[in-house]
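only geometry, no sequence info:
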């Protein structure tokens, strides 16, 4: 199953879940269920954004957008993370309001609906999970996994209320705790997305180690104007000037460039590299070598 299909299935599950939680949340007077329903509604919007982004990445590059549409996945991840933060504030407000003005909660309904929601969210999260680090898919997975944890907390609070007939304050308190946990992870996702948009060096790239790996090659004296950034979560780019010994012929320059690009791909997962080779003897001669490779899952 490709990413579009998995996102579409998760969307269908989410929309059905929102309707059920909203209805039973009103019946049970549970702010936990209503908060979870609101969160799932945001999830549905988030999955739609992610689905659109994934489909846009399939579009070929154009003269106006020579890198294609890969950054749309980052924009989607940022929008999703901001959406999580907004809904977290809403959950906190509703929970505090309910703490001040408690209402009787029907624990049996809360437990049943929350456990069902947890299973549905776990199923959706399993569908969206992948080992590759893609911020767009990660944001959609985060929505589902966070809701599964939220539903578990709501179910636990409902079980206590059902057994004891008391402690209605647990329902909004659980919502506050869950909102805080989700908010922290959402903020991390915002920071990761902004780093990509600002073309920051990826966190796992050590520029000193990269520089050393290149200059250790025979024929390469120095590296300068070195830049590494991300086009999207799965595609990294690099540009650099290499100072090489002598005045290499075109075929020799291409051989050096090919070795450098192989190291960049194998050791640093950099799929797009543009290298300019300059002669170390000071002559006005340079060769630009560019390589573009795209490995994007649909």
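Yep, it's here. Owing to the predicted nature of the structure, the values given are computational and were not obtained by experimental measurement.

Show me which strand runs longest in the chain.
Ranked by residue count, the top strand of the chain under DSSP state E comes out as strand 220-232.

Okay, buried residues for that one please.
Going by neighbour count (16 or more other Cβ atoms under 10 Å), the buried part of strand 220-232 is 220, 223, 228, 229, 230, 231, 232. All C-beta atoms are positioned from the backbone trio N, CA, C, and that covers glycine.

likewise stretch 173-188?
Using 16+ other Cβ under 10 Å, the residues of stretch 173-188 that count as buried are 173, 174, 175, 176, 178, 179, 182, 183, 185, 186.

what sits up against stretch 181-191?
39, 77-78, 80-82, 84-85, 88, 135, 138-139, 142, 146, 149-150 (Cβ atoms under 8 Å, 6 or more residues apart in numbering).

Can you point out the buried residues in stretch 61-70?
Using 16+ other Cβ under 10 Å as the burial criterion, the residues of stretch 61-70 that qualify are 68, 69, 70.

Just give me the closest of those to residue 254.
Closest to residue 254 out of those is residue 68 (25.7 Å), distances taken as Cβ to Cβ.

measure that closest one to residue 158 for me?
Plainly put, residue 68 is 48 Å away from residue 158 if you go by Cβ to Cβ, to the nearest Å.

Compute the inter-axis angle for the helix or strand containing residue 161 and strand 220-232.
In this structure, residue 161 sits in helix 135-164 according to DSSP states H and E. Here the directions of helix 135-164 and strand 220-232 differ by 50 degrees (axes from the mean of the first three to the mean of the last three Cα atoms, to 10 degrees).

what about the helix or strand following helix 135-164, average pLDDT?
Note on helix 135-164: by DSSP H and E, the next helix or strand toward the C-terminus is helix 170-197. The predicted model gives helix 170-197 an average pLDDT of 81.

got it, and stretch 42-59?
Summarised as a single mean, pLDDT over stretch 42-59 is 73.

correct me, but residue 45 touches residue 83?
Yes - checked against Cβ atoms under 8 Å, the pair residue 45 and residue 83 is within contact range at 6.6 Å.

The two: which has the busier surroundings?
More neighbours sit around residue 83 than around the other of residue 45 and residue 83, counting by other Cβ atoms under 10 Å; the figures are 19 against 16.

The more buried one should be in a helix, yeah?
Yes - counting by DSSP: H, G, I helix; E, B strand; the rest coil, residue 83 is located in a helix.

how much space between residue 273 and residue 202?
Residue 273 sits 14 Å away from residue 202, taking Cβ to Cβ as the criterion.

Looking at the two now, which is surrounded by more residues?
More crowded of residue 273 and residue 202, by other Cβ under 10 Å: residue 273, with 23 against 18.

Domain boundaries for this structure, per the record?
The record's domain parsing of the chain by automatic domain parsing lists 3-197, 207-292.

okay, those, which one's buried deepest?
domain 3-197 (a mean of 20; mean count of other Cβ atoms under 10 Å).

Any regions of this protein where pLDDT drops low?
Across the chain, the ranges flagged by pLDDT under 70 are 131-136, 233-234, 281-298.

Show me where it has its helices.
Taking DSSP state H as the test, the helices found in the chain are 3-28, 31-56, 71-100, 107-128, 135-164, 170-197, 207-215, 250-268.

To residue 240, which of these lies closest?
Ranking these by proximity to residue 240 (Cβ to Cβ) places helix 207-215 first, at 7.5 Å.

which residues are in contact with the closest one?
By Cβ under 8 Å, 6+ apart, the surrounding residues in contact with helix 207-215 are 201, 220-223, 226, 228, 240, 242, 260, 263-264, 267-268.
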